[in-house]
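J.: Sequence plus predicted model, see below.
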Amino acid sequence: MKHKIIWIIAILVLVFLAVSAGKNDTENVDGETVKIGVITPLTGDLAYWGESSVFGIALAKKDLAVEGINTEFIIEDGQLEPTKALNAAQKLVNSDNVVAIYSEFNPAAIAVTSFLKDKNVFHLYDAAPVSPLENTRSVYKTYLDYFESCKKVAQIANKRGWDKLGVLKINLEFGDLCLQGIKSVYGDNLIVQEYNPGTRDFRSMILKLKDQNVKAVSNVSFVAESFSSLKQMEQQGLKVPFVGLAEIISPDSSTEYGLMLENSILFGLPEVEENFSVRLKQEFPGKTVGNIQASALAFIHAKQLAYAFTKCGRHLDCVDKQFDRFGPESLIGFQGFTNRVAGFDVWIGTLKNGALVKLGN
């Protein structure tokens, strides 16, 4: 009898330990703070985007607190430089002990993913490249599909009768993806000039495009490269429509470059629901939100990260499953994740009177 009681107690202890271990793997301890790192440009040409993302994260943090979810978002300046992004990731993981990193733009996406490969840290990146998804786990991508987006833009350009397109192609993965999309429409009827990131002098390339009598010029790139090429097109007398990213447009640039962008084709993330814009103005009176899409994207993904880690703790297989289950968000037309890639309908428009305007079908 005595031995039987001992065996029963032993079994109960084992069951208790198993349940406790399972709980630690899949549930956050009540009241424990979820620490999430954010790497985004807070200085430089795209500071307006990073600052906008911070506004969205602040709103998400406020909503999560109402739901009883404690979060800490540790924000680092990536400055659109791989080394800066890598240093930020090292700090966030080794010093701040974050469970996840939300990074923005191409340099951070690749550098941070490489660093996190053997770390127990989830990575959600907001950028066009797809290579960070290869041979990795717990890495998810948000933002547009550049092949499909550039293909749709090229179809519109072709319908407008721009039968010969000049392409200034940046030598980065997203530049390659975009060129592939354009080529799927134009075939070899393109004049392509390649350049490296950081290029500011496009004069010789533009003269070659002008000599080839191109009907429009595409430069899907960063802010400085895009506007340098646009300004030099005007200086060199190549006055043809411009094809580029809507995300490069900020309040300042729309004033300075508005006339040059008339009749342009610009693409980007979907429009954001008006009630979110109203809330941003109410929560941050007197502040300028440079890009509402950046705020909305950071808002929904900050919440998703907090929800997943509150449920799963640091059990990344569980976190992955939670992300796979996240449904559509009408706030910015988010359609959910498929094969670790977020789905969005591309927005295509132009600039009129300093404002981005959607093109009709």
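T.: Perfect, thanks for sending it.
J.: Run through the residues that contact residue 195.
T.: Neighbour list for residue 195: 168-171, 202, 205, 225 [criterion: Cβ atoms under 8 Å, 6 or more residues apart in numbering]. Every C-beta, even on glycine, is put in place using the N, C-alpha and C of the backbone.
J.: Show the contacting residues for residue 128.
T.: By Cβ under 8 Å, 6+ apart, the residues touching residue 128 are 106, 143-144, 146, 173-174, 177-178.
J.: What average pLDDT does the helix or strand encompassing residue 92 get?
T.: In this structure, residue 92 sits in helix 82-94 according to DSSP states H and E. The average pLDDT for helix 82-94 rounds to 97.
J.: same check, this time on stretch 309-318
T.: 96.
J.: gap between the two ends of that stretch?
T.: Stretch 309-318 has an end-to-end distance of 9 Å (criterion: Cα to Cα, to the nearest Å).
J.: roughly how far is that stretch from the heart of the chain?
T.: Taking Cα atoms, centre = their mean, to the nearest Å, one finds the center of stretch 309-318 at 23 Å from the center of the full chain.
J.: picking that back up, take the contacts of residue 128 and keep only those in helices.
T.: 106, 146, 173-174, 177-178 (DSSP state H).
J.: so where's the chain shaky on pLDDT?
T.: Filtered on pLDDT under 70, the chain yields the residue ranges 1-31, 361.
J.: ok, now with 80
T.: Applying pLDDT under 80 to the chain picks out residues 1-31, 251-252, 254-255, 354, 360-361.
J.: now the strands for it?
T.: All strands of the chain, identified by DSSP state E, fall at 34-40, 71-77, 100-104, 122-126, 139-142, 165-170, 190-195, 216-218, 242-245, 265-268, 337-338, 341-342, 347-352, 355-358.
J.: who are the neighbours of the second one, in terms of helices and strands?
T.: Put plainly, it is strand 71-77. Packing partners of strand 71-77 (3 or more Cβ pairs under 8 Å, 6 or more residues apart in numbering; DSSP states H and E): strand 34-40, helix 47-66, helix 82-94, helix 292-312.
J.: In the longest one, which residues are buried?
T.: This points to helix 292-312. The neighbour-count check on helix 292-312 (16 or more other Cβ atoms under 10 Å) flags 292-310, 312 as buried.
J.: now for that helix, which elements pack on it?
T.: Against helix 292-312 (3+ Cβ pairs under 8 Å, 6+ apart) you get helix 2-26, strand 34-40, helix 47-66, strand 71-77, strand 100-104, strand 122-126, helix 274-283, helix 316-325.
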